[in-house]
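A.B. asks: Next input, structure requested:
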Amino acid sequence: MAAEGLAGLLPAQTQLEYALLDADTPQEKENLVYQYLKKMDSRERDLTVPELSGDLQWLNTEGPISLHKDLCGKVVVLDFFTYCCINCLHLLPDLHELEHQYSDKDGLVIIGVHSAKFPNEKVLDSIKSAVLRYNIVHPVVNDADATLWHELEVSCWPTLVILGPRGNMLFSLVGEGHKEKLFLFTSITLKFYKERGQIKDNSIGIKLYKDSLPPSPLLFPGKVTVDKSGERLVIADTGHHRILVTLKNGQILHTIGGPNSGRKDGRFSEAAFNSPQGVAIKNNVIYVADTENHLIRKIDLELEIVTTVAGIGIQGVDKEGGAKGEEQPISSPWDVVFGNSVSGTQEDDVLWIAMAGIHQVWALMLEGGKLPKGSDLKKGVCLRFAGSGNEENRNNAYPHKAGFAQPSGLSLASEEPWNCLFVADSESSTVRMISLKDGAVKHLVGGERDPLNLFAFGDVDGAGINAKLQHPLGITWDKKRKLLYVADSYNHKIKVVDPKMKNCATLAGTGEASNVVGSSFTQSTFNEPGGLCIEENGRLMYVADTNNHQIKVLDLETKILSMLPILNPETCDVTDNLSVQKDQIANLPKLPKSAPNIQLPSLSAAPGQTIQFLLKLTLPPDSKLNEEAPNAWFITAEDNNTWLLQGQCLSGEIKDVSCQTVIPFQLPRVCLSAEAVLAIKACLYYCSKDSSACMMKGISFNQPLQIGSTNQGRLTQVELTHSFITN
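C.D. replies: Below is the predicted model of the structure:
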């Protein structure tokens, strides 16, 4: 153990920081830090950090790193963090900037010491996902048992500890907002030890985890919402820094922003976001919580323009607000939802904002109006509605005296007797309610009675305080059933809450972090789902299964769970022009005459209904797919049924026969016949494993459709299976 821990730094560093407040020039500040370093360097024996255990798990490195061997001759910044913590996330831009300014060649190494708050955060795969999600490019060690945390007597997240080249502690910075000190202390420490010849310029073995991953259509999608018609989804593709608008079959209509982070308004092709989360859509307007830009953005789908309506692009500390949106600093908005003001004449004239960064719920006035217990407000004003700004689980009849802990999900129940906002309060592991009559904040499920205890988490079905959640991030109200659905993120489950009885139960998920589409909700699995939404008619629920990089679809009537395929326009031939489609059909591959033609049972369907064909083909033994060949599926129809194909994805690649290929199809809203036949065909090229022979094989499935008016909006899945045999 370090003889004194961080407490040994406190007297001298406190004295230094007071002296820095009185210093007028950069030179004076540099001299003060220089004198401090001389003093602290002589106390090496008392303040040496113990070696890290050799069996700890590391990320972004070629292997374990020794503090006293590999990092000898380096100035080291230890970042004690836990990935759920918004304050820890606020520090990351400072650390990114610091490692851009000084590399290991300059003598600086940053080490993330992950010291978990929640049990789920101790799991290496969970930390891997966080390292990817937040683009952490320095080494990270999983100190799951908080060994170094306890050795150094660290007491809160985040804490930075700056070490000299012999593993000697020099400075500590607790909490966020110390960028100026961090850069001052680091730069002078490097200069001090370089002058003494103690800095080494050797490289540390960095091997970024992100470089080993295959590309995917979605990357850590954080939130999803559906429009009133149920036809369009809006997906926050958080890891790709973009917003996707898709049809309910997954066909992309608009891609806005991405793939790189940035901050820019303008046309869709030039707009840029930074890890967007919450999305809300009304007609052709979308509002976005642009989380790491600390902005609220507006997307106009008709004009194809992105604008900023709140925030100034840097993290705000103001906990009151009241300025016009684009002049009002805000902090890490995580979710947005439409609502109504008390006195407004227009529906959806308020945008409620989960302001995770300062533990509050805010409002952006989309029209003039009044909030509960508030005065008249002008259009465009952005201000606090509920929460003191203290990180607490405190309920109160007065909204400004209540306390939240990183509110991350919002949902509106405007009907009586509810007339409230439901809040997924992640760090207190609770679901809370804010009355839209008087602003009173009440508890619903999870947590415990002590407002300062943010460690009352678990995975327990039950009522009120007896129910336990673990860092819930998403929430949605089912007004048809009067139920609330919760993305219980760190328990990898979807929970259902009856607000009348305050009862909370598991709806879907096993509690295991994996990716299984089972035969029932409770046999299927998720991995840190972050957001969810439900259709206006209450049929389909969409879940942003964040760490699985997917949108899952839960049919609440049939209890069938499926995956939404994301169909890129560039890899999927989609057109509304029938003459163009006829040309495309003519260019589709012709199946060999020997290709089997399988007749499927007739399927009852309704206009607008989504059908997913699940294609599973098996090759002969000792055969392998020729991945260089144009292996593909395609959809055709007889001449009198070509109206079925309008606006459809007509073909796509088959990349892997070891798993199902999902082929989406949506019946047109206007059907020209009550009966039709669709053909789903596949063409494969495969070789014997010794490559002595290669062949082309085909298969055709004929799907008769009986089109009626029942089951509208239902998602139907049809399995297409076939095993090819050796000639």
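
A.B. asks: Tell me which stretches of this structure form helices.
C.D. replies: 10-22, 26-41, 86-101, 124-133, 147-151, 179-195, 578-586 (DSSP state H).

A.B. asks: closest to K378 out of those helices?
C.D. replies: Smallest distance to K378 across the helices of the chain (CB to CB): 29.8 Å, for helix 86-101. C-beta here means a position set from N, CA and C on the backbone, and glycine is covered the same way.

A.B. asks: if you average pLDDT over that closest one, what comes out?
C.D. replies: If you average the pLDDT over helix 86-101, you get 95.

A.B. asks: Quick one: distance of it to the chain centre.
C.D. replies: For helix 86-101, the separation from the chain centroid amounts to 19 Å (computed by CA atoms, centre = their mean, to the nearest Å).

A.B. asks: relative to helix 124-133, how tilted is that helix?
C.D. replies: Between the axes of helix 86-101 and helix 124-133, defined by axes from the mean of the first three to the mean of the last three CA atoms, to 10 degrees, the angle is 60 degrees.

A.B. asks: So which elements touch helix 86-101?
C.D. replies: Packed against helix 86-101 by the contact rule (3 or more CB pairs under 8 Å, 6 or more residues apart in numbering; DSSP states H and E) you find strand 75-81, strand 108-114, helix 179-195.

A.B. asks: buried stuff in it?
C.D. replies: Using 16 or more other CB atoms under 10 Å as the burial criterion, the residues of helix 86-101 that qualify are I86, N87, C88, L89, H90, L91, L92, D94, L95, H96, L98, E99.

A.B. asks: about what we covered before: and the helices and strands packed on helix 86-101 as TSV, adding mean neighbour count and distance to D498?
C.D. replies: Below are these laid out as TSV (neighbours: other CB atoms under 10 Å; distance: least, CB to CB, whole Å):
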stretch	mean neighbour count	distance to D498
strand 75-81	24	37
strand 108-114	25	37
helix 179-195	18	46
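
A.B. asks: ok, now how distant is the residue nearest the centre of the chain from V670?
C.D. replies: The centre of the chain sits closest to G222, judged by CA atoms, centre = their mean, with a distance of 2.7 Å. Applying CB to CB, to the nearest Å, the value for G222 to V670 is 36 Å.

A.B. asks: Then A19?
C.D. replies: For A19, the distance to V670 equals 77 Å [CB to CB].

A.B. asks: If you count surrounding residues, which of these two has more?
C.D. replies: The residue with more neighbours, out of A19 and V670, is A19; 16 against 9, by other CB atoms under 10 Å.

A.B. asks: Apart from its neighbours in sequence, what residue is nearest the more buried one?
C.D. replies: L32 (5.2 Å; CB to CB, 6 or more residues apart in numbering).

A.B. asks: pretty sure that neighbour contacts L16?
C.D. replies: Yes. In this structure, L32 is within contact of L16 by CB atoms under 8 Å, at 6.2 Å.

A.B. asks: now could you export just the CA positions of stretch 604-615 as CSV?
C.D. replies: Taking Å, rounded to 0.1, in the frame of the first residue of the first chain, the C-alpha atoms of stretch 604-615 are listed here in CSV:
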residue,chain,number,x,y,z
SER,A,604,-53.4,-14.3,-44.8
ALA,A,605,-52.2,-10.8,-44.8
ALA,A,606,-53.5,-7.2,-44.7
PRO,A,607,-52.5,-4.1,-46.7
GLY,A,608,-49.5,-2.4,-45.1
GLN,A,609,-48.5,-5.6,-43.2
THR,A,610,-44.8,-6.4,-42.7
ILE,A,611,-43.6,-9.9,-43.5
GLN,A,612,-40.2,-11.2,-42.7
PHE,A,613,-38.9,-14.2,-44.7
LEU,A,614,-36.3,-16.0,-42.7
LEU,A,615,-34.1,-17.8,-45.2
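
A.B. asks: buried residues in it?
C.D. replies: Within stretch 604-615, the residues that qualify as buried are A605, A606, G608, Q609, T610, I611, Q612, F613, L614, L615, counting by 16+ other CB under 10 Å.

A.B. asks: Output the helices and strands packed on helix 86-101 as a markdown table; include the columns distance to N202.
C.D. replies: Putting the helices and strands packed on helix 86-101 into a markdown table (distance: least, CB to CB, whole Å) gives the following:
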| stretch | distance to N202 |
| --- | --- |
| strand 75-81 | 13 |
| strand 108-114 | 10 |
| helix 179-195 | 14 |
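
A.B. asks: What segments of the stretch 251-400 of the chain are strands?
C.D. replies: With DSSP state E, counting those that start in this stretch, the ranges of strands along the stretch 251-400 of the chain come out as 252-257, 266-267, 279-282, 285-290, 295-300, 305-310, 321-324, 333-339, 350-355, 360-365, 369-370, 376-377, 381-386.

A.B. asks: How far off centre is the second one?
C.D. replies: Centre-to-centre, strand 266-267 and its host chain are 24 Å apart (CA atoms, centre = their mean).

A.B. asks: partners of the nearest residue to V154 once chain neighbours are set aside in the sheet?
C.D. replies: In this structure, V154 finds its nearest non-sequential neighbour in F80, 5.1 Å apart by CB to CB, 6+ apart. In this structure, F80 bridges to V113, T159 when assessed by DSSP bridges.

A.B. asks: same question, T716
C.D. replies: Going by DSSP bridges, T716 is paired in beta bridges with I611.

A.B. asks: The residue nearest to the residue nearest to the centre of the chain when sequence neighbours are not counted and G230: what is the separation?
C.D. replies: In space, and not counting its chain neighbours, G222 is closest to T238: 4.0 Å by CB to CB, 6+ apart. Distance, T238 to G230, using CB to CB: 23 Å.

A.B. asks: Kindly report the same for G5.
C.D. replies: Note on G5: its distance to G230, by CB to CB, is 57 Å.

A.B. asks: wait, isn't K500 in contact with K482?
C.D. replies: Yes. With contacts counted by CB under 8 Å, K500 reaches K482, the gap being 7.1 Å.

A.B. asks: what about those two, which has more around it?
C.D. replies: Between K500 and K482, K482 has the larger neighbour count (other CB under 10 Å), namely 14 against 10.

A.B. asks: Residues in contact with stretch 11-23: which ones?
C.D. replies: Residues outside stretch 11-23 that contact it (CB atoms under 8 Å, 6 or more residues apart in numbering): K29, L32, V33, Y36, K39, M40, F171, S172, K181.

A.B. asks: And it, what's buried?
C.D. replies: Q13, L16, A19, L20.

A.B. asks: Stretch 642-659 now?
C.D. replies: For stretch 642-659, burial by neighbour count (16+ other CB under 10 Å) applies to T642, L644, L645, G647, Q648, C649, L650, S651, G652, I654, V657.

A.B. asks: swap in stretch 49-60?
C.D. replies: Buried residues in stretch 49-60, counted by 16+ other CB under 10 Å: V49, L52, L56, W58, L59, N60.

A.B. asks: Repeat that for stretch 464-481.
C.D. replies: Going by 16+ other CB under 10 Å, stretch 464-481 has these buried residues: 465, 467-478.
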